[in-house]
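Asker: Quick one: sequence plus predicted model below, questions after.
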Amino acid sequence: MVRLKDIALLANVSVMTVSKALRDQKDVSAETRQKIKALAAQMSYVPDTSAQGLRSRTTKLFGLVIPATTNPIYARMVYAMEERAFELGYDLLLAHTLNKPEREDLVLRRMISRRVDGLFVSPVYRFEAEARVYQEIAARKIPTVLLGPPAPFCKNFPGVEIEERLASYHVTKHLIGLGHKKIAYFTGPPAAPWAHERFEGYRRALREAGIEPDDNLVFASGNTIEDGVNTALQMLNEDCQPTALQAVSDLVAIGAAETLLQQGLKIPEDISIAGFGNILVAQHFRVPLTTVRQPKLRLGLAAIESMLSLLHGESVQTKRLPAEIIERQSTAAPKS
């Protein structure tokens, strides 16, 4: 293993000079810095970040905790966060919760044991008002930014999110504007605040249009393609015959759409379908999906900027970014 003193010996300078040169300190001449950096590269020198962390009391590590990278909503957000963190000299430690509270507890405590400088967390939502691990994070004063809206157990942490209710409201208004009055809605996970916000946006748009929300058109779903498949089958069995369907997410919408197509229905001739999220497959589905575009890259960058402010001891408020509806071929006027 190459050490600083090995470079110092070849460069005929002190170890302190080598250390300063590699950290671009201005009290070392540009010529000397260039010479030392060239030697370090030739010798394949790798800094001992553990030792640096002990001296500086930082690790240059951020913990990133999300449900799973298989969820396409996170792909571009994580990309933006990793790129910006890299520019700033930080690395991301990634862990999956799989939406299991007990696993979330474990991975968060592992992050704490690694002495990460900050945490980015997409919470595993639950009905309890408190979660002990979040209390521990607050007690340790670990800078933490939520990816998504807060729940009671994590309400004291700032976050980045989109204007869920307003975006969903505009989707329902779009369907009403096409002439739909009988609009089914597939709800999301019952403990998730974002699912409640999207449902409230749907109800608000109906009421503003003078359409009383009908509980017979509301179906409890989840957030996966399989959830969409199963909920669509339930809707067909109940024979409520909506002219449009609004789903809490693109995955649910795609699962529902695939099922309806297999049952011989035409989209949008027999039923219009809208999702939420604008994942890549939404645009390339058999019938390109009307949906809500979430600013995933901007959410990731906003999360990093909030973290930097926390690291500087500044007060940080939750950032809410606007989203926009993308109209595609899955929605049209109902049959006359």
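Answerer: Nice, I can see it. Numbering: from 1, shown residues only.
Asker: R84 reaches R298, doesn't it?
Answerer: No. The pair R84 and R298 fails to qualify as a contact (C-beta atoms under 8 Å) at a distance of 11.3 Å. Quick note: C-beta positions are derived from backbone N, CA and C, even for glycine.
Asker: helix or strand right after the lowest-mean-pLDDT helix or strand in the chain?
Answerer: For the chain, the helix or strand with the lowest mean confidence is helix 49-56, at a mean of 52 (criterion: mean pLDDT, DSSP states H and E). As assigned by DSSP states H and E, the chain's next helix or strand after helix 49-56 is strand 61-66.
Asker: List the buried residues for the next helix or strand after that next one?
Answerer: Sequence order places helix 75-87 as the next helix or strand after strand 61-66, per DSSP H and E. Of the residues in helix 75-87, those buried under the neighbour-count criterion (16 or more other C-beta atoms under 10 Å) are 76-78, 80-82, 84-85.
Asker: same deal with stretch 218-233?
Answerer: Using 16+ other C-beta under 10 Å as the burial criterion, the residues of stretch 218-233 that qualify are 218-219, 221-225, 227-232.
Asker: ok, so what distance separates T224 from G313?
Answerer: In this structure, T224 lies at 41 Å from G313, with C-beta to C-beta, to the nearest Å as the measure.
Asker: repeat for E212
Answerer: Relative to G313, E212 is positioned 51 Å away (criterion: C-beta to C-beta).
Asker: Looks like A75 contacts T69 (just checking).
Answerer: Yes. Counting by C-beta under 8 Å, A75 touches T69, with 7.0 Å between them.
Asker: pLDDT score for P72?
Answerer: For P72, the pLDDT comes out at 85.
Asker: which residues does it contact?
Answerer: For P72, the set of contacting residues under the criterion of C-beta atoms under 8 Å, 6 or more residues apart in numbering consists of 277, 279-281.
Asker: Out of those, which sit inside helices?
Answerer: Using DSSP state H, the members of the contacts of P72 that fall within helices are 280-281.
Asker: buried subset of the contacts of P72?
Answerer: Burial by neighbour count, 16+ other C-beta under 10 Å: within those this picks out 277, 279.
Asker: could the contacts of P72 be laid out in JSON lines, adding pLDDT and distance to V13?
Answerer: As requested, these are exported to JSON lines (pLDDT from 0 to 100; distance: C-beta to C-beta, whole Å):
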{"residue": "G277", "pLDDT": "95", "distance to V13": "56"}
{"residue": "I279", "pLDDT": "92", "distance to V13": "54"}
{"residue": "L280", "pLDDT": "90", "distance to V13": "53"}
{"residue": "V281", "pLDDT": "93", "distance to V13": "57"}
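Asker: Tabulate the contacts of P72 (a markdown table), appending distance to G118.
Answerer: Converted to a markdown table, those look like this (distance: C-beta to C-beta, whole Å):
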| residue | distance to G118 |
| --- | --- |
| G277 | 26 |
| I279 | 27 |
| L280 | 29 |
| V281 | 32 |
